[in-house]
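Colleague: quick one, fold the following:
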Amino acid sequence: MPLSPRLELPYLEPAQAQKHVTHNEALRSLDMLVQLSVEAFDETTPPALPVTGQVFALGAAPTGDWAGQAGMLALREESGWHFLAPQPGWSATLAGSTDLRIWTGSAWVGASGQTQNLTGLGVNTTSDPTNRLAVAAPASLLTHEGSDHRLTINKASDTDTASLLFQSGWTGHAEMGLAGDTGFSVKVSPDGSSWTSALEVDPTTGSVSAQTGLEVAGHTALHLGNLLGSVSQTGGQPTGAVIESGSNANGSYIRLADGTQICLVQDFDAGSATFAGAGQFTDLYRTDTFSVTWPSAFSQVPHCTSHVRMSDNVVNPKSRALMLTPAIAPLNTGWSYLTVQRLSSDAHSGSVLVNILAIGRWF
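Modeller: Coordinates of the predicted model:
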């Protein structure tokens, strides 16, 4: 009897007797194969109470009424079992599930195997040659299978990039990972073109570097790079470095972030100790009147202390009996109407050097 080349359905022949038998045989095969759904794959034992219309994909060594029908499809009919050999490429689903399998010629293999070595996969969107895996969804979930879960991003060489890029409207604004080297970094960008490295971690030492600065609770964190520098304040709160120091022709100064300022006028030459006076109690030897200017102005009158000495370091105690005698209190910018008097009748006429330490506030 001639058969169709693919499903092996019997053809009706001219002048054939009992044509309905041949026709019904073809219908039986079609009823089994169209939208093929089986009760079980690789089954070997017939059910005790089979139901008409059930189909089983038999295993390698079936028993009972299936004996000798290895690998066949078994259809239960009212009159018994009908067997048909599957052809390579035929597909069947497991009844009541999404388990789809393909017959290879020797076994039913899950269709999920076809997801290996795909050129691209798009979930609710379209993949492309660069983005070979593309997902359009409110969220993506990667979870464990009983214990740990690790996501690995691997690059070919040290100078390549392995990173996560964060975009807004397809414009990159943040990137973290191994960008062009083996050190972990976090970079930011206002426009997706110019990038600034905000955080870098040395892969050898583990040291963390914030090249553009670091803020804690809204304030710049202090470190060796900004501990010293120009101090500043806004509304009484420090906004610059912790310690500022400097010097000029008037002397040297130190400013602290809390507002404290220390000025030193060092070895100011007040001239001869015997510029005026007669060396008597009522007319002491003294220098000419002089003024000093603080190397940095105070915000209020500072507290001052002084030390005076002879420039030639004379050892005679009477020559060294010197005292700074101001006529007025110090000012924010300096101290005027100063003289140095000798509290003895010694007439040593060397120059007097004056040192004044002023402590106050710069704000």
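Colleague: residue contacts, residue 111?
Modeller: 91, 100, 101, 102 (Cβ atoms under 8 Å, 6 or more residues apart in numbering). No exception for glycine: its C-beta is placed from N, CA and C like everyone else's.
Colleague: could you give the bridge partners of the first one?
Modeller: The residues paired with residue 91 through beta bridges, assigned by DSSP bridges, are residue 102.
Colleague: for the stretch 151-300 of the chain, just list every one of the helices.
Modeller: When assigned using DSSP state H, counting those that start in this stretch, the stretch 151-300 of the chain turns out to have no helices.
Colleague: thinking again about what came up before, by neighbours, which of the contacts of residue 111 wins?
Modeller: For those, neighbours were counted by other Cβ atoms under 10 Å; the highest total belongs to residue 101, with 21 neighbours.
Colleague: doesn't residue 42 make contact with that one?
Modeller: No. Using Cβ atoms under 8 Å, residue 101 is not in contact with residue 42, being 9.9 Å away.
Colleague: which residues do those two both contact?
Modeller: residue 108.
Colleague: tally of neighbours for residue 81?
Modeller: That count, for residue 81 with other Cβ under 10 Å as the rule, works out to 17.
Colleague: name the element it belongs to?
Modeller: strand 80-84 (DSSP states H and E).
Colleague: buried residues, that strand. List them.
Modeller: 81, 82, 84 (16 or more other Cβ atoms under 10 Å).
Colleague: before we move on, what about stretch 151-164?
Modeller: For stretch 151-164, by 16+ other Cβ under 10 Å, it's residue 163.
Colleague: for stretch 223-231, same thing?
Modeller: residue 231.
Colleague: same deal with stretch 174-191?
Modeller: 175, 176, 178, 179, 184, 185, 186, 187, 188.
Colleague: how near is residue 302 to residue 250?
Modeller: As judged by Cβ to Cβ, to the nearest Å, residue 302 and residue 250 stand 14 Å apart.
Colleague: which of those two has more neighbours?
Modeller: residue 302 (22 against 18).
Colleague: what about the residue lying closest to that one once chain neighbours are set aside, how many neighbours?
Modeller: Of all residues not flanking residue 302 in the chain, residue 360 sits nearest, at 3.0 Å (Cβ to Cβ, 6 or more residues apart in numbering). For residue 360, the neighbour count with other Cβ under 10 Å is 20.
Colleague: ok, residue 126 next?
Modeller: 9.
Colleague: check what pLDDT it gets.
Modeller: Confidence at residue 126, expressed as pLDDT, is 95.
Colleague: same question, residue 289
Modeller: So residue 289 comes in at 98 (pLDDT).
Colleague: who touches it in this structure?
Modeller: 327, 337, 338, 339.
Colleague: and residue 270, by the same measure?
Modeller: With Cβ under 8 Å, 6+ apart, residue 270 has these contacts: 287, 288, 290, 308, 338, 339, 340, 351, 352, 353, 354.
Colleague: and residue 321, by the same measure?
Modeller: 342, 343, 344, 346.
Colleague: just these: which are in strands?
Modeller: Residues of the contacts of residue 321 located in strands (DSSP state E): residue 342.
Colleague: select only the buried ones of the contacts of residue 321 in PyMOL?
Modeller: The buried subset of the contacts of residue 321, as determined by 16+ other Cβ under 10 Å, is captured in PyMOL by this line:
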select buried, resi 342+344+346
